[in-house]
Every structure is written in C-alpha cells, then in structure tokens.
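J.: Starting from these lines, generate the structure:
(2 chains)
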Number of protein chains: 2
Amino acid sequence: MTNNSFTTEAEELGKLRDEIDSVDQQIQQLVNQRAQCAQKVADVKEHFSKPGESVVFYRPEREAQVLRRVMERNQGPLPAEGVARLFREIMSQCLALEEPMKIAYLGPEGTFTQQAALKHFGHAVECQGQGSIEDVFREVEAGGANFGVVPVENSTEGVITHTLDSFVGSNLNICGEVALRIHHHFLLKEALLKKGAVANPTKVYSHAQSLAQCRQWLDANWPGIERIAVSSNAEAARRAQEEEGAAAIASEAAAELYNLNIATANIEDMPDNTTRFLIIGKQTTEISGDDKTSLLVASKNKPGALYHLLAPFHEEGVSLTRIETRPSKSGTWNYIFFIDLEGHQNEEKVAKAMALVQQQCTDFKCLGSYPKAVL
Amino acid sequence: MTNNSFTTEAEELGKLRDEIDSVDQQIQQLVNQRAQCAQKVADVKEHFSKPGESVVFYRPEREAQVLRRVMERNQGPLPAEGVARLFREIMSQCLALEEPMKIAYLGPEGTFTQQAALKHFGHAVECQGQGSIEDVFREVEAGGANFGVVPVENSTEGVITHTLDSFVGSNLNICGEVALRIHHHFLLKEALLKKGAVANPTKVYSHAQSLAQCRQWLDANWPGIERIAVSSNAEAARRAQEEEGAAAIASEAAAELYNLNIATANIEDMPDNTTRFLIIGKQTTEISGDDKTSLLVASKNKPGALYHLLAPFHEEGVSLTRIETRPSKSGTWNYIFFIDLEGHQNEEKVAKAMALVQQQCTDFKCLGSYPKAVL
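T.: Numbering: from 1, shown residues only, chains lettered A, B, ... in the order given. This is a model prediction of the structure:
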C-alpha cells in the first residue's frame, strides 16, 4: 500500500458512516412507528367519543411529561435540551397527522412571539400572525385558531398589561407558558463605526431596565459613557440615529428599523434574560406533575385586603410565584390581582386554598392550570 | 364494571402510550448513538490531519446524501419532507458537538434569510444577522463566520444583483442553495375592514410580478378592481395606507410596516412561489450525486458572443438552468454572465465543457459546485 494512513482514515470513516446510516434507518423506522401509535390513539379517542363531541388530540400535560422524561434520562453526548427539542418536533409532526393545528400569534412574521409559538408547538403547525393581542384572543374565541400565543412578561418592559386586561373579558384558558431568551446589542450609526476601530460615542440611550441589565458590560467596555434612560429601546435607537455621538442598547429589530449597526452583540450581563409568553385556548389541561395556576382575583380597595386574600395560600402551603395589581376598568371591581401559584387547580391543597380565597373576594376567576415551561 | 367502554378506552390508550414511551426511549438512545459516531468521525479526522491543517467537519454533500436517502426510503405515515427535517435537526445537533458553527445572514432577525439559514443548517448553529449582503461576504471572508446565507433570486423582485456583484470581488465559494416558499397577502386599512364585511376598495397596488402571481385569486374575488403596478410591494403597502379606497398585495412585514391588516392571507395562485438563497463559504464541496455548478463568465460585447460561449455545454450535454447578464463595472470586462448548470465541476463532461468555455472568454471563475436543495 502506497499511503497506509490515508487508507486507514478512509476505512475508519467508511465504517463509522455505515454505522451512522444503519442508526439513521432505525431512527426513521421508529419515528414512523411512533406516528402510527399516535394515529391509533386518535382512532381510539374517536371510537369512544360521544356523537357531536369534539375529540381532544393535543394534551399539553402529556407533552410536558414526555419532554421531562426525555431530559431526565438523557445520557448524552447530545445535550438534554437539544434532544428534548427533537422530541418537540417529533410530537409536532405526529400531532399534525391527527389534527393539523392553527396557532394565532402576535405578528408579524419574525417576532419573538412567533419564535415562542414554534418553540412550544414545533414546526408542524400553521402559524397565523395577528395585528394585536386582542386579535389573537378573538381569533381563538371564534375558532379560527386552535390556540393563541401572547407575550405576558418582558424582562425589559415589565408586564404586558394588554394581555392581562384581555383575560378579564375572555373565557379562554391559559394552556401553557413559554420562555424565550432575549438579547441586547450595543448599536451605533454607520458613521461611528470606522474600519477596524469604533469612534467614541459620548452617551448611550436605552430603557432603564436594559441599562441595568447591561451595567457590567458598560462598566468594562465604556466606563466613561453617559447613560441616559428613555421610555423604550426603540426610542433609544431613534435617538442614536438622530443625535451626534450617541449609541443605543436595543434589539436587532430596533437596529434595522432605525438603520443602526450592531457594534457588539449580546451584551446583557445575565445570559438568561427572558421573555415569557402564554398559550391560550378553549381546553383545560390535566395535571402534569409540575404545574402552575394563574388566577384573576378582584377585591375592594381597603387596606390589608391583599394580605387577607393571600392568607389561605400561605396556610395551605401553596407558593405564589407572581402577583400583579391592575386598577379595575369596571365600577364593580376596584382592584384586580393577577396571581401565579405553583400547583394545579385539581390538586387538593390548591383547590382548598382557592375555594377559601373565592369566598373573600368580589370576583374570582381561574385563568387555567398548565405545565411549567420545560424547554 | 360500571363503565365498560371507559375502562376499555383508558386501557387502549394506556397500552398505546406505553408503546410510545418505549419507542421514545429507543429513539433517544439511537440519536445519542449517532452523536457518538459523529464524535468518532471528528476524532478520526483530527488524528489523521497534518499539523496546522484545519479539519473540515461540515460536509454539505454528505448531508444532502443523508437527506435524499431519508426521503427515498420513507414509508410513512409521516411525510418524507417532515422526517427529512427531523434529520436536518439531528445532524445540526451532532455537528454542533464537533464544531458549533457560526452563520452570517442578511439580517435582521426574523427575515426570510434567517429562515433560510435555519432551514439549511438546522437550529444548533449561532446565527449572526448582518446589515448588508456585502457585510455577510466580509464576515465570512474575515473568518468571523463559517458560512454566510444571502438571497439570490426573488420570485417577485427578480435576481438580487447585489449578491451576484459581490461574487465578482470575492474568493468565496457557493456551498449550497436553499429554497423558501413566500406568501402574498391582500392588505387593507383598518377603516376598510368593517366588522363581518369588507368595505370595497376600488384599486389594488402591487409589484407587477405579484399582481401576475395573484391574478386568478383577484379574478375570482375582486373581478372589478383596478390593478396598478408599482415599483415594489412595500411601495404598494405605503400607498394603500395613504390613499382612500386602495388595497395592496404584499408581505406580512409590509403590512406591519405600514399598519395594514391582512384581509386575506396566502392569495398567490401558485403555492410554490419561492425565493432562492445561496450558502457561501471558503470550503469546496464534493460530488453529492445531484449537484449544480455556478459560473461567472466575462465576454467581449460582440454579437453572438453568448451563443459561442454556450456551445461547449450543448456539445457535452450539460444542461444550463439559468443565465443572468450583468454589465461589467471594470473596464476589462464588458459583460458578465452568471450561469447555473446541472452537474458538478469534478464530473468529466462538466469539467470538459468548462475547460472549453474558459478558452473562449475574457475571464472565467467557477463560483462553486454544490448539492441541489433537498428540502
């Protein structure tokens, strides 16, 4: 043999590629076997359904359980989250065989909300961008979409009050939640970005929360720069475009809108800077074993009302994860509290605490119990 | 038993879910086994590489072959394209273990070009949005990104000349192509969208090609409406916002930009309305068995020059799939032709025809041979 090492490399690679091909065939066979099982599940459900009853194919609690098991038992070398994302897509495709789902989201295409929709439902769904949060609710209520996806908490802008307010007048349930990582960038005008070196901006605009979230990076890289808080990151980008020597901290979308360049990407100090989205729909979700419940509670505006309201949760050992207070728009409700708690409304201690709270308040509505975001 | 049918349904579903869980475990084990094989491939390549030589982990021709085999042997019930997309993600994750790739694309986030990048490379890559096509080329040339993704043909706007011109001054190769479906929507101002019924617009603006692509839908739904061609779909959306009684045919992004509502979505007559993107990089691609080659050929401006240039392809039985003519910017080249042909530059008849063509022209450059888009 003239070139022994080459032959050996080719031989080694050939053997490994044969193994990969064989593994691929097995994976493909199993993925289709799984799809057959999903079809049989649909057949059984349809066979046992009562006439006129609509059959529920999509079970968020079951999907959450599958994903959790995948993450728990993963041995690598692939990361658990990566493998779970593969199973999200496999389930998405299996479900599309039973019932191709329509998902309404706060559009347009390319928004974080669409990313959230695809992260939660996988890519085998039909996504419909809507012009407003109200339109998402309306589309799901009217049956034009099976589920909707709306933002509810943005780490830079705080709570999205539109979404909370929309629940007041709607009969839709929360069926799930999604968390997405959001990045901040240091933006400059083209004129400030010289070849090889960045000309010095003297001030940087951003929302106060974004400035806070990038404080360490600014300290390390632009220690002398004046930091000016404005109403939104889009406003910051607008000013960076108009004013001489100004930079902005904002998203890639804002950079494009105001024709700025990304001088440095992903400058947030905490890499887990996230925005939370809710899945809304008509169906209720069963216990998955690791759930959250969202409540809407109205109370008279008297001192200590909130403290008394919350006492039963404390007594029953139910953890509250979030409370938002909103002034009521109708005369009958003085204040509305949006409360997130750990657990499912069908769990005994949660049900007991909720019943006690309900006795004490002007109005009470459970917006839904749903699995905690897995991915 | 009090409720026999319920018990049976629960039993049937329980059995099927156990089978699904067992199948899932096997899939997970195999996906990780595949990743181990990919790691061994990397080890072998590194072991046999010469000192200082950079090892190539990403092989577009090999990925194209895997995807084609998946689609050929697929027995269902899942659609072949869906299963191929799963394998795209599996390969993306396996590759990320060897070498997490950086992909520069024409930004911002949420553009069709980003969608194309994710469709081609899967989701286990780091995407970097760039401000212009030139920036994508520069980023890949400078080594800041492993590959770049740029649009090259848009069915509504025609060829993207910026991309073709960028190849003239660049040493990058074309490593692949991606096709994406693009949708058109019928857009109206909020005021024209009455509850339950659409008030009648009297005219519709769009790019001439978009009007042509939605002709059947317009004939069926708005037979009397005046159709006015404008320079771009964004311009059409702008006019629909400003003029009374005007509608537009444009994208969702244009609807958002000019605050219009989507009255009817996806109105294009041909559901396969696509835009084509190119993958650019430093490496060359081997024969995959179903390839394309792109050439840049310069010729003196004399009548019949193009015909003579193309004769060797005809004689060798090489099919040309596209020819674009661009005026040269430098004095030495009078006309530049961008030619796409079927086959790989390492295939005998292609190599022979290319050698003959090269003898006849002022300048000649092979931009790359690459697998035809599989998905």
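
J.: what ranges do the helices span in the stretch 201-350 of chain A?
T.: With DSSP state H, counting those that start in this stretch as the criterion, the stretch 201-350 of chain A has helices at A:208-213, A:215-221, A:233-242, A:252-257, A:305-316, A:348-360.

J.: can you put these in JSON lines and add distance to A:K282, mean pLDDT and mean neighbour count?
T.: The way it works is simple: take the backbone N, C-alpha and C, and place the C-beta from them, glycine included. Below are the helices of the stretch 201-350 of chain A laid out as JSON lines (distance: least, C-beta to C-beta, whole Å; pLDDT from 0 to 100; neighbours: other C-beta atoms under 10 Å in any protein chain shown):
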{"stretch": "helix A:208-213", "distance to A:K282": "35", "mean pLDDT": "79", "mean neighbour count": "19"}
{"stretch": "helix A:215-221", "distance to A:K282": "44", "mean pLDDT": "89", "mean neighbour count": "14"}
{"stretch": "helix A:233-242", "distance to A:K282": "34", "mean pLDDT": "84", "mean neighbour count": "21"}
{"stretch": "helix A:252-257", "distance to A:K282": "32", "mean pLDDT": "74", "mean neighbour count": "21"}
{"stretch": "helix A:305-316", "distance to A:K282": "27", "mean pLDDT": "84", "mean neighbour count": "16"}
{"stretch": "helix A:348-360", "distance to A:K282": "21", "mean pLDDT": "93", "mean neighbour count": "16"}
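
J.: between those helices, which one is nearest to A:G131?
T.: Closest approach to A:G131 among the helices of the stretch 201-350 of chain A (C-beta to C-beta): helix A:252-257, 16.7 Å.

J.: is that closest one anywhere near chain B?
T.: Yes: applying C-beta under 8 Å from any C-beta of the partner chain, one finds helix A:252-257 in contact with chain B at A:252-253, A:255-256.

J.: Off-centre distance for that helix?
T.: Distance, stretch centre to chain centre, for helix A:252-257: 21 Å (C-alpha atoms, centre = their mean, to the nearest Å).

J.: ok, A:W217 - contacts?
T.: By C-beta atoms under 8 Å, 6 or more residues apart in numbering or on different chains, the residues touching A:W217 are A:186, A:264, A:267-269.

J.: Can you say which of the residues you listed are buried?
T.: Among those, those classed as buried by 16 or more other C-beta atoms under 10 Å in any protein chain shown are A:186, A:264, A:267-268.

J.: Show me those that map onto strands.
T.: A:186, A:264 (DSSP state E).

J.: distance of whatever residue of the stretch 201-350 of chain A ends up closest to chain B from B:Y258?
T.: Residue nearest to chain B within the stretch 201-350 of chain A (C-beta to the nearest C-beta): A:E256, separated by 3.8 Å. Relative to B:Y258, A:E256 is positioned 16 Å away (C-beta to C-beta, to the nearest Å).

J.: what's the weakest-modelled helix or strand in chain A?
T.: The least trusted helix or strand in chain A, going by mean pLDDT, DSSP states H and E, turns out to be strand A:158-159, with a mean of 62.

J.: got the contact list for the helix or strand following it?
T.: Moving toward the C-terminus from strand A:158-159, the next helix or strand (DSSP states H and E) is helix A:161-168. The contact list for helix A:161-168 (C-beta under 8 Å, 6+ apart) reads A:132-134, A:137, A:150-152, A:278, A:296, A:324, A:326, A:329, A:336, A:338, A:365, A:367.

J.: Sort those residues by pLDDT and name the bottom one.
T.: Across the set of the contacts of helix A:161-168, A:K329 stands lowest in pLDDT, at 61.

J.: For A:E347, give me the backbone phi and psi.
T.: phi -80, psi 140 (degrees, to the nearest 10).

J.: on that earlier part again, can you tell me which of the residues of helix A:252-257 next to chain B comes closest to A:A236?
T.: A:A255 (10.8 Å).

J.: any idea what sits nearest the closest one, other than its immediate chain neighbours?
T.: Leaving aside its sequence neighbours, A:A255 sits nearest to A:L187 (C-beta to C-beta, 6 or more residues apart in numbering or on different chains; 5.0 Å).

J.: The one you found contacts A:A246, doesn't it?
T.: No: look at A:L187 against A:A246 with C-beta atoms under 8 Å: they stay out of range, at 9.7 Å.

J.: Need the residues touching each of the two.
T.: The contact sets of A:L187 and A:A246 overlap at A:A240 (C-beta under 8 Å, 6+ apart).

J.: quick one: which of these two has more around it?
T.: A:L187 (33 against 23; other C-beta atoms under 10 Å in any protein chain shown).

J.: Any idea what the more buried one is bridged to?
T.: A:A248, A:I262 (DSSP bridges).

J.: OK, contacts around it?
T.: A:L187 touches A:237, A:240, A:247-250, A:254-255, A:260-263, counting by C-beta under 8 Å, 6+ apart.

J.: Nearest to B:S288 among the residues you listed?
T.: When those are compared against B:S288 (criterion: C-beta to C-beta), the nearest one is A:I262, at 34.8 Å.

J.: what residues are up against the closest one?
T.: Contact partners of A:I262, counting by C-beta under 8 Å, 6+ apart, are A:185-187, A:252, A:255, B:129, B:131.

J.: For my notes, please list those in TSV and give distance to A:P100 for each entry.
T.: Listed next are the contacts of A:I262 as TSV, based on distance: C-beta to C-beta, whole Å:
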residue	distance to A:P100
A:H185	37
A:F186	42
A:L187	40
A:E252	31
A:A255	36
B:G129	31
B:G131	37
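
J.: Tell me the spacing between A:S166 and A:G148.
T.: On the measure of C-beta to C-beta, A:S166 and A:G148 end up 10 Å apart.

J.: Quickly list what's touching both of these two.
T.: With C-beta under 8 Å, 6+ apart as the test, A:S166 and A:G148 both reach A:F137.

J.: Contacts only, for the most centrally placed residue in chain A.
T.: Central residue of chain A (C-alpha atoms, centre = their mean): A:V178, 2.4 Å from the mean position. The neighbourhood of A:V178, defined by C-beta under 8 Å, 6+ apart, consists of A:116-117, A:119-120, A:149, A:276-279, A:373.

J.: Could you rerun that using 10 Å?
T.: A:112-113, A:115-121, A:149, A:151-152, A:274-279, A:373-375 (C-beta atoms under 10 Å, 6 or more residues apart in numbering or on different chains).

J.: Sort out for me which of those residues are in strands.
T.: A:149, A:151-152, A:274-279.

J.: can I get the residues you listed in TSV with distance to A:P312 and neighbour count?
T.: Converted to TSV, the ones in strands among the contacts of A:V178 look like this (distance: C-beta to C-beta, whole Å; neighbours: other C-beta atoms under 10 Å in any protein chain shown):
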residue	distance to A:P312	neighbour count
A:V149	32	29
A:P151	30	23
A:V152	25	25
A:T274	30	16
A:T275	31	21
A:R276	26	19
A:F277	29	29
A:L278	25	26
A:I279	28	27
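
J.: farthest pair in those residues?
T.: Among the ones in strands among the contacts of A:V178, A:T274 and A:I279 lie farthest apart (C-beta to C-beta), at 15.9 Å.

J.: so where's the stretch 1-150 of chain A shaky on pLDDT?
T.: A:1-7, A:107-111 (pLDDT under 70).
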